[in-house]
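Novice: Below are the sequence and a predicted model for it; my questions follow.
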Amino acid sequence: MQTLVAILYFFSLSGLIFFGLHRLKISWGYLSWKRKGKVLPRRADRVRGASICIQCPIYNEPAMIAGLLEAVTLIEWDEGNLEIQILDDSTDETSSIVEKWLQAHPERSGNCHHIRRENRNGYKAGALAIGTAQSKSDFFAIFDVDFRPNKDFLNKMMPLFVHDRIGLVQARWGFENRSNGFLTRVQSLFLDAHFIVEQTARFAGGLFFNFNGTAGIWRRVTLEDAGGWTADSVTEDLDLSYRAQLKGWDFVYDTDVVVLSELPESIVAFKSQQRRWTKGGIQVMRKLLFQVLSSEFSGKIKREAFFHLTVGFVHFFLVLFSVTLVPYLFFFGVVPEGAFAVAHPLVVLFAGGSTVTFYIMGQFFRSGRWRDVVLWLLLAPLVLSFGLAMSLTCLGAVIEGLFSSGGEFVRTPKGKGKRNLSSLFQGGVAQPVFVVLALFESFLGFVLIGAACYYATLELFPIALMLAIKD
């Protein structure tokens, strides 16, 4: 039993190091780009007179819809070349709010089209496909309901289409409510690292990266060439991004154009969002990874695509680490002997340290303040434990993504929206998996807190504190 525990424990650490090395590679790629200080080329003459359709897919968002309409109807572009589609699948009072707003603002709603469907076939992807078919525009800018673009968004982003093979330009997400509580602060920590470090590094390195579902602009011919919006993944944005880049289209990412949005403010809503993103990533991996690896693209593109599309499997190693940690401490003690006395702390430090470095870089290059670095270094154990707490939910999403295609697009409520626990079990063939994992999550919590109490009685307070935080 001791040997099995040791093997599984160090196997979990090996997996975390594997993905940690990739995080360091991405971080280095970002720093290399930052040192060069390149400025993105822009050519306004290339897009002068282009027709643009702003698409706003919405579903049951009565608290957020007015703010979206206020923002998108102020966006500036050539008169007569801009239309706005409100792609409304709502079943509540949201639709009537839209109608009343449009009627109350005739001076701003003349180019708005409120599009309703009889059903939600294809969910967000289906709504976007219907809207695209009903428009003759050359470009499509997409905004989710909680996003608030500035009025110069198009004037800043459209000139990035400097040649005809650029199919997408993507802006960075910002977060209006990042300071509302610990949950939103941790989410912004995670997402800032993605948008500031990861997306920039991929773009700067000539690697595949993805449209983030909102705050970006698609070229119409790119959408059509890639096969359009499909609903066989719950992350239709990632799916379409890879299909388009496999067709040879180039993408541009501008980290300096920021569109503010809102983060979910309840843990259940956050888990629901993470579940969808993880499940969808695995679905896209099943669908497209082999095509990428067997394509004629360079080895560096294939390697990065592999890490990008398989990152969901890190949750397996996180769960395995959580499960084997207490048995490992029980069998081998809190202070390893021999070579382990040096190797073990170094391995654990690297497995966690690479992730902490990645996240802290995002905060530093967002704010430029060293105090943010110090703060998050002090909170690093809590942040890592938060990631461990999410890993069981995401592991269930990995399992579901491996054995299902598509699924219900479960929206993430914003604006202090509430969601009950049943949202984690909606729209998937693997509902029993999440029930089992929820029960196991509770059991593991009891084990960790029990172990924390045990080591506290032995006056091993650092170990007790570590286990309590992980719980």
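Specialist: Received it, and whenever you're ready, just let me know what you need. Please read all numbers here as calculations on a predicted model, not as lab measurements. Numbering: from 1, shown residues only.
Novice: Can you list the low-confidence ranges for the stretch 251-400 of the chain?
Specialist: 333-346, 348 (pLDDT under 70).
Novice: all helices for it, in order.
Specialist: 267-293, 299-310, 314-332, 340-367, 370-378, 380-403 (DSSP state H, counting those that start in this stretch).
Novice: Throw the ones you listed into TSV and include mean neighbour count and distance to residue 159, thanks.
Specialist: C-beta here means a position set from N, CA and C on the backbone, and glycine is covered the same way. Shown next, in TSV, are these (neighbours: other C-beta atoms under 10 Å; distance: least, C-beta to C-beta, whole Å):
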stretch	mean neighbour count	distance to residue 159
helix 267-293	21	30
helix 299-310	17	26
helix 314-332	20	38
helix 340-367	17	24
helix 370-378	13	32
helix 380-403	21	38
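Novice: Need those helices in a markdown table (columns: distance to residue 13).
Specialist: Shown next, in a markdown table, are the helices of the stretch 251-400 of the chain (distance: least, C-beta to C-beta, whole Å):
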| stretch | distance to residue 13 |
| --- | --- |
| helix 267-293 | 21 |
| helix 299-310 | 18 |
| helix 314-332 | 7 |
| helix 340-367 | 5 |
| helix 370-378 | 21 |
| helix 380-403 | 13 |
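Novice: Relative to residue 225, tell me which of these wins on proximity.
Specialist: helix 267-293 (15.2 Å; C-beta to C-beta).
Novice: Counting by contacts, list what the closest one packs against.
Specialist: helix 182-192, helix 236-246, helix 299-310, helix 380-403 (3 or more C-beta pairs under 8 Å, 6 or more residues apart in numbering; DSSP states H and E).
Novice: ok so residue 140 is a helix residue?
Specialist: No - assignment of residue 140 by DSSP: H, G, I helix; E, B strand; the rest coil gives strand, placing it outside any helix.
Novice: what is it paired to in the beta sheet?
Specialist: residue 53, residue 218 (DSSP bridges).
Novice: how close does it get to residue 158?
Specialist: Distance from residue 140 to residue 158, counting by C-beta to C-beta, to the nearest Å: 12 Å.
Novice: same deal with residue 390?
Specialist: On the measure of C-beta to C-beta, residue 390 and residue 158 end up 37 Å apart.
Novice: Just the local confidence number for the nearest residue to residue 331 once chain neighbours are set aside, please.
Specialist: In this structure, residue 331 finds its nearest non-sequential neighbour in residue 2, 4.6 Å apart by C-beta to C-beta, 6 or more residues apart in numbering. Residue 2 carries a pLDDT value of 85.
Novice: wait, doesn't residue 2 sit right on residue 332?
Specialist: Yes - with contact defined as C-beta atoms under 8 Å, residue 2 counts as touching residue 332 (7.5 Å).
Novice: just to revisit the earlier point, joint contacts of residue 140 and residue 158?
Specialist: Common neighbours of residue 140 and residue 158, using C-beta atoms under 8 Å, 6 or more residues apart in numbering, are 52, 217.
Novice: same question for stretch 190-199, mean pLDDT?
Specialist: pLDDT averaged over stretch 190-199 gives 96.
Novice: next one: stretch 59-77
Specialist: 96.
Novice: Go through stretch 157-172 and flag the buried ones.
Specialist: Of the residues in stretch 157-172, 157-162, 166-172 count as buried by neighbour count, 16 or more other C-beta atoms under 10 Å.
Novice: could I get the residues you listed as a markdown table with distance to residue 278?
Specialist: Shown next, in a markdown table, are the buried residues of stretch 157-172 (distance: C-beta to C-beta, whole Å):
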| residue | distance to residue 278 |
| --- | --- |
| 157 | 29 |
| 158 | 33 |
| 159 | 35 |
| 160 | 30 |
| 161 | 32 |
| 162 | 35 |
| 166 | 29 |
| 167 | 26 |
| 168 | 23 |
| 169 | 26 |
| 170 | 21 |
| 171 | 24 |
| 172 | 22 |
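Novice: So which of these are in helices?
Specialist: Judged by DSSP state H, helices contain the following of those: residue 157.
Novice: Which of the three states applies to residue 144?
Specialist: With three-state DSSP as the criterion, residue 144 reads coil.
Novice: Could you measure from the residue nearest to residue 331 over to residue 329?
Specialist: Separation of residue 2 from residue 329 (C-beta to C-beta) stands at 12 Å.
Novice: Over to residue 230?
Specialist: Distance from residue 230 to residue 329, by C-beta to C-beta: 47 Å.
Novice: just residue 228 next, same as before
Specialist: Counting by C-beta to C-beta, the gap from residue 228 to residue 329 is 53 Å.
Novice: ok, and residue 96, which helix or strand is that part of?
Specialist: helix 94-104 (DSSP states H and E).
Novice: how far off helix 94-104 does the next helix or strand after that helix point, in degrees?
Specialist: With elements assigned by DSSP H and E, the helix or strand that comes after helix 94-104 is strand 112-116. Going by axes from the mean of the first three to the mean of the last three C-alpha atoms, to 10 degrees, strand 112-116 is angled at 160 degrees with respect to helix 94-104.
Novice: tell me the average confidence for strand 112-116?
Specialist: 97.
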